[in-house]
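# Provided below are the primary sequence and the corresponding predicted coordinates.
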Amino acid sequence: MAIKRCFYLLLFLVVSRTFSTSRLNIVYPPEGEVLQTTAIDSNYIFGRVTPTTAQLFINNTPIPIYRNGAFLAFLPLQAGQFSYECRLIADNDTVRVVRHIVVPSPPQVTPGDSLTILRETVEPNLDHILKTGDCVHISFWGTPLCHAFFTIGTLTERFPLIENVPAADIYWAEAVFGTGAALKPPPTAGFYSGSYTLKNSDQFDQDSIYVYLESSQVYLESPQNELLKMAAKGRLSTWTESEKWGETWLPKTVLRTAKGKSYYYFLPPHVTCRITGQIGNAVRIQLSETVEAWTERDKIVDKPFAEKMPITVRVLRCESREAGSRVKVYTSMRVPFRIEQSIDGQSLHVYFYGVIADTDWIRYQQKDDQIAQIQWRQIDRQIY
C-alpha cells in the first residue's frame with residue numbers, strides 16, 4: 001500500500017507540472033542567429049510572457065513586462081558565442097529559456113611592421129556561377145597602407161583592390177527600436193575591396209581567385225618587396241546553360257531580393273522558373289529580362305524542359321464562387337507571379353513574369369457583383 005501511495009503522489013506532481021500556465025516566448029533573436037554587424041556592443045531581445053504579473057530576468061537583469069505580456073530589453077553583448085539566460089518567476093513556478101547567438105568579432109589587423117592577410121575575412125567565401133555582366137566582389141582585411149590586388153584563374157591581368165574604411169552600418173534592431181542612429185564601424189584601417197564584371201570572352205570553370213598584399217605602394221618585381229598571396233574559399237565559374245529550368249515543390253517557396261536578403265514574395269508549388277546563376281546554395285530566378293529573385297537550391301527541383309519564354313495570355317475568365325469570385329488566367333504553364341492589394345482595398349494588381357499579352361477576350365460573369373472591371377497592361381517586355 002505504501003508503494004502505491006508513492007506512485008500516485010509522483011504521478012500527480014508530474015501532471016501538475018505539465019499543465020503549468022507560465023510561458024516565456026522569445027521572438028527575437030532566433031536561436032543560432034549570427035548578428036550581421038560588428039559595430040555594436042549591445043542588442044535587443046524581445047518576446048512575450050504569461051502571466052503578465054510574473055518577474056522576468058535576463059542575464060540577471062530585471063526586465064519590465066508590459067500589460068499585454070510583451071517585453072523588450074537592450075542588453076550588453078560579448079563577441080563570440082553568446083547566450084541570453086532568461087528566467088521567468090510566477091509564484092512558485094519558474095521557467096528558464098536559454099537563447100544562443102553569435103556575435104562577430106571585429107577584425108584585429110596586425111600593425112604595419114608585419115604583413116598579414118586575415119584568412120577568415122577573404123571574400124568570396126562561396127562558389128559563384130555567374131553570367132556575362134554579373135559582378136563578383138572581392139575583399140579582405142589585412143595590414144594597412146599596403147598595395148593590394150587580385151587575380152582570377154588564368155587571366156594575366158592584376159585587378160586593383162582599394163583600401164577604404166567600411167561605410168557606417170545600419171543595424172535593423174537599432175533602427176527600429178533605438179534612436180535610429182547609424183552605427184560607426186570600428187576605427188580600423190586595412191579593409192581592401194574591389195570587383196570584377198564578367199565579360200563575353202570569360203570561360204571560368206571553378207577558377208580560383210587569389211588576393212595579394214604587398215608591402216610597397218607600387219608593385220615592383222624585385223626581391224626586397226614582400227608579397228603575400230592567398231586564395232579565396234569561393235571559386236568562380238561561368239554560367240553556360242542557355243536554358244536551365246526548375247519548378248517549385250514546397251507549399252510556399254520564398255523568393256528574396258538577393259541571396260540572404262529581404263523576402264520578395266512567395267510562390268505556390270509547381271511554378272516553372274528559369275535559373276540563371278548560383279551563389280553557394282542559392283539560385284537566381286530570372287523572372288523577366290529586368291527582374292530577378294533568389295531562393296535556396298533545394299527549394300527548386302530540376303525540370304528537363306519548359307516552353308520558351310515569354311509565353312502568352314489570350315483569355316481571362318471570371319467565375320462566381322460561394323465565397324467570392326475567381327479570375328482564371330490561361331497560360332500554357334504555371335509562371336511566377338506577384339499580387340499587390342491597393343491601399344483602399346478595392347483592387348488587386350497581379351504581375352505575371354515571363355508573359356506577353358495576346359489578350360483579346362475577357363469573359364465576365366453576368367451576375368457577379370464583386371468584380372466591376374478587369375484591365376490588363378504590358379508594363380515590361382516580359383511582365384504582364
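Here it is on my side, so go on.

# so residue 152 bridges to which residues?
residue 209 (DSSP bridges).

# same question, residue 191
On the basis of DSSP bridges, residue 191 is bridged to residue 141.

# Compute the distance between it and residue 350, please.
Distance of residue 191 to residue 350, computed by C-beta to C-beta, to the nearest Å: 45 Å. From N, CA and C alone the C-beta is placed, and that goes for glycine too.

# Please apply the same query to residue 302.
28 Å.

# which secondary element of this structure has the worst mean pLDDT?
Here the helix or strand of the chain ranked lowest by mean pLDDT, DSSP states H and E is helix 2-18, holding a mean of 41.

# Spit out the contact partners of the residue nearest in space to the middle of the chain.
Central residue of the chain (C-alpha atoms, centre = their mean): residue 260, 2.0 Å from the mean position. When contacts are counted by C-beta atoms under 8 Å, 6 or more residues apart in numbering, residue 260 touches residue 282.

# ranges for the strands of the stretch 51-200 of the chain?
55-58, 61-63, 70-76, 80-90, 93-103, 128-130, 135-141, 147-152, 159-163, 191-197 (DSSP state E, counting those that start in this stretch).

# helices or strands next to the fifth one in the packing?
Identification of packing neighbours for strand 93-103 by 3 or more C-beta pairs under 8 Å, 6 or more residues apart in numbering; DSSP states H and E yields strand 23-28, strand 33-34, strand 42-50, strand 80-90.

# Repeat that for the last one.
For strand 191-197, the packing partners by 3+ C-beta pairs under 8 Å, 6+ apart come out as strand 135-141, strand 147-152, strand 159-163.

# could those strands go into TSV alongside distance to residue 69, mean pLDDT and mean neighbour count?
Formatted as TSV, the helices and strands packed on strand 191-197 follow (distance: least, C-beta to C-beta, whole Å; pLDDT from 0 to 100; neighbours: other C-beta atoms under 10 Å):
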stretch	distance to residue 69	mean pLDDT	mean neighbour count
strand 135-141	44	94	19
strand 147-152	53	95	21
strand 159-163	50	94	15
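
# Please dump these into CSV; it should also carry distance to residue 297 for every row.
Below are those laid out as CSV (distance: least, C-beta to C-beta, whole Å):
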stretch, distance to residue 297
strand 135-141, 18
strand 147-152, 24
strand 159-163, 29
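
# between those strands, which one is nearest to residue 265?
Set against residue 265 and scored by C-beta to C-beta, the helices and strands packed on strand 191-197 come closest in strand 135-141, at 24.6 Å.

# Tell me what residue 86 is bridged to.
Per DSSP bridges, the residues bridged to residue 86 are residue 58, residue 97.

# which residues are in contact with stretch 240-252?
With C-beta under 8 Å, 6+ apart, stretch 240-252 has contacts from 266-276, 283, 299-306, 308.

# can you map out the helices along the stretch 151-300 of the chain?
With DSSP state H, counting those that start in this stretch as the criterion, the stretch 151-300 of the chain has helices at 172-177.

# Output the below-cut-off pLDDT ranges for it.
Residue ranges of the stretch 151-300 of the chain with pLDDT under 70: 165-188, 216-225.

# Now residue 352, what are its backbone angles?
With angles defined as degrees, to the nearest 10, residue 352 sits at phi -110, psi 130.

# Could you report the distance from it to residue 282?
Relative to residue 282, and taking C-beta to C-beta, residue 352 is found at 24 Å.

# Show me which of the two is the more surrounded one.
When residue 352 and residue 282 are compared for neighbours, residue 352 comes out ahead with 22 against 17, by other C-beta atoms under 10 Å.

# Show the contacting residues for the more buried one.
313, 329, 331, 335, 336, 337, 383, 384.

# can you rerun that using 6 Å?
335, 337, 384 (C-beta atoms under 6 Å, 6 or more residues apart in numbering).

# same question, residue 359
Contacts of residue 359 by C-beta under 6 Å, 6+ apart are 313, 376.

# That one: helix or strand, and which one exactly?
If you go by DSSP states H and E, residue 359 is part of strand 355-363.

# Buried residues, that strand. List them.
355, 356, 359 (16 or more other C-beta atoms under 10 Å).

# For that strand, C-alpha coordinates in CSV please.
Coordinates of each C-alpha in strand 355-363 appear next as CSV, following Å, rounded to 0.1, in the frame of the first residue of the first chain:
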residue,chain,number,x,y,z
VAL,A,355,4.5,36.6,-70.1
ILE,A,356,3.5,38.7,-73.0
ALA,A,357,0.0,39.9,-73.8
ASP,A,358,-2.1,38.4,-76.6
THR,A,359,-5.4,39.1,-74.8
ASP,A,360,-8.4,39.6,-76.9
TRP,A,361,-11.1,38.1,-74.6
ILE,A,362,-12.2,38.8,-71.1
ARG,A,363,-15.2,36.8,-70.1
